[in-house]
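K.L.:
A structural model of the following input is requested.
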Amino acid sequence: MSYQRITYEKRDRVALIVLNRPEVLNAMDPLMGDELVMALKEAREDKGVGCVVITGAGRAFCSGADVKVFRQMIEGQVERRTVVDEDLFDVIFDHPKPIIAAVNGPAVGIGATMTLPCDIRLASEQARFGFIFARVGLILEFGSTFLLPRIIGLGKALELAMTARLIDAHEAKEIGLVSQVFPQDRFLEEVMAYASQIAHGPTRTLGWMKEAVHRSIQADLPTARRIEGEILERCRRSPEHREGVMAFLEKRQPRWAEIAEQS
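P.N.:
Numbers count the residues shown, from 1 in each chain. So this is what the prediction gives:
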């Protein structure tokens, strides 16, 4: 498939999606959002993909929504009221494969909130995060009123939203917004090595793990335990579980990729 606002390639079971408008610091417009949905669906259907990485071209991850689009919406020049379709959140959050947000530079506005439904956030030393919606008279969006407090805590979420200040990669790691910070000069290399380990794991099991956690954080404890039991039963009947047990007993590496590509 041909894309205008992003690039898409596969490397060793990792689908690498790059936001590709470096001349405007990868500002998000409707076409970029729509193409991101298409690329994520392409990765979802590809049995040769075990993990997805989203990053940005040039020196930014995503500088937020293209302000020109905001103006067009205010003046009624376009019918849609959001820069990205709500489908994008669902496609990321409900994706059956692990998704890594590889934040290589500034991630501001939608550039920051779009990382939250991703499963893992990795940052370069040059990364900056800004939930700056108050500066343009808006509140947190893209599911971030739900996800941000759960990731970094209620008080810190409100502080970042109300002050609209930028934080660097090291503060982001301190508060739990990102898992790892890598040097800028080998950032993509480190990210792809990290992603490759996940991509060669039990892909379907990881998707079920993601489903269990997502459903459980929206439930009470008894419901969460029922969800665990339901999904554990799927796992016990799966070829992934059998392969994991046999590989352990036979003292060899599990053949996860073979199972994923045959299922």
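
K.L.:
give the contact list for residue 144.
P.N.:
Under the criterion of Cβ atoms under 8 Å, 6 or more residues apart in numbering, the contact list for residue 144 reads 112, 113, 116, 131. To be clear about C-beta, it is placed using only N, CA and C from the backbone, and glycine gets the same treatment.

K.L.:
I meant to write residue 43 there.
P.N.:
Residues near residue 43 by Cβ under 8 Å, 6+ apart: 15, 17, 49, 52, 95, 97.

K.L.:
and stretch 96-115, which residues are buried?
P.N.:
97-115 (16 or more other Cβ atoms under 10 Å).

K.L.:
farthest pair in the contacts of residue 144?
P.N.:
Using Cβ to Cβ, the pair of the contacts of residue 144 lying farthest apart is 116 and 131, separated by 9.8 Å.

K.L.:
spit out the residues that contact the two alike.
P.N.:
Each of 144, 148 lies in contact with both residue 116 and residue 131 under the rule Cβ under 8 Å, 6+ apart.

K.L.:
quick one: the strands in the stretch 101-250 of the chain, in order.
P.N.:
When secondary structure is read from DSSP state E, counting those that start in this stretch, the stretch 101-250 of the chain shows strands at 106-108, 120-124, 128-130, 166-168, 180-182.

K.L.:
quick one, what contacts residue 178?
P.N.:
Contact criterion Cβ under 8 Å, 6+ apart gives 103, 121, 122, 123, 127, 169, 172 as the residues in contact with residue 178.

K.L.:
try it again with 10 Å
P.N.:
101, 103, 107, 115, 120-124, 127, 129, 151, 169-172 (Cβ atoms under 10 Å, 6 or more residues apart in numbering).

K.L.:
okay, it: pLDDT?
P.N.:
At residue 178, the model reports a pLDDT of 98.

K.L.:
contact partners of stretch 234-244?
P.N.:
Around stretch 234-244, the neighbours that count as contacts under Cβ under 10 Å, 6+ apart are 201-206, 208-209, 211-212, 232, 254-256, 258-260, 262-263.

K.L.:
using PDB, write out the CA atom coordinates for that stretch.
P.N.:
In PDB, the C-alpha atoms belonging to stretch 234-244 read as follows (Å, rounded to 0.1, in the frame of the first residue of the first chain):
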ATOM      1  CA  ARG A 234      -8.000 -19.800  26.000                       C
ATOM      2  CA  CYS A 235      -4.200 -19.900  26.700                       C
ATOM      3  CA  ARG A 236      -4.300 -23.400  28.100                       C
ATOM      4  CA  ARG A 237      -6.000 -24.700  25.000                       C
ATOM      5  CA  SER A 238      -3.600 -22.900  22.600                       C
ATOM      6  CA  PRO A 239      -0.700 -24.300  20.600                       C
ATOM      7  CA  GLU A 240       1.400 -21.500  22.200                       C
ATOM      8  CA  HIS A 241       1.000 -23.000  25.700                       C
ATOM      9  CA  ARG A 242       1.800 -26.500  24.500                       C
ATOM     10  CA  GLU A 243       4.900 -25.200  22.600                       C
ATOM     11  CA  GLY A 244       6.100 -23.200  25.700                       C
END
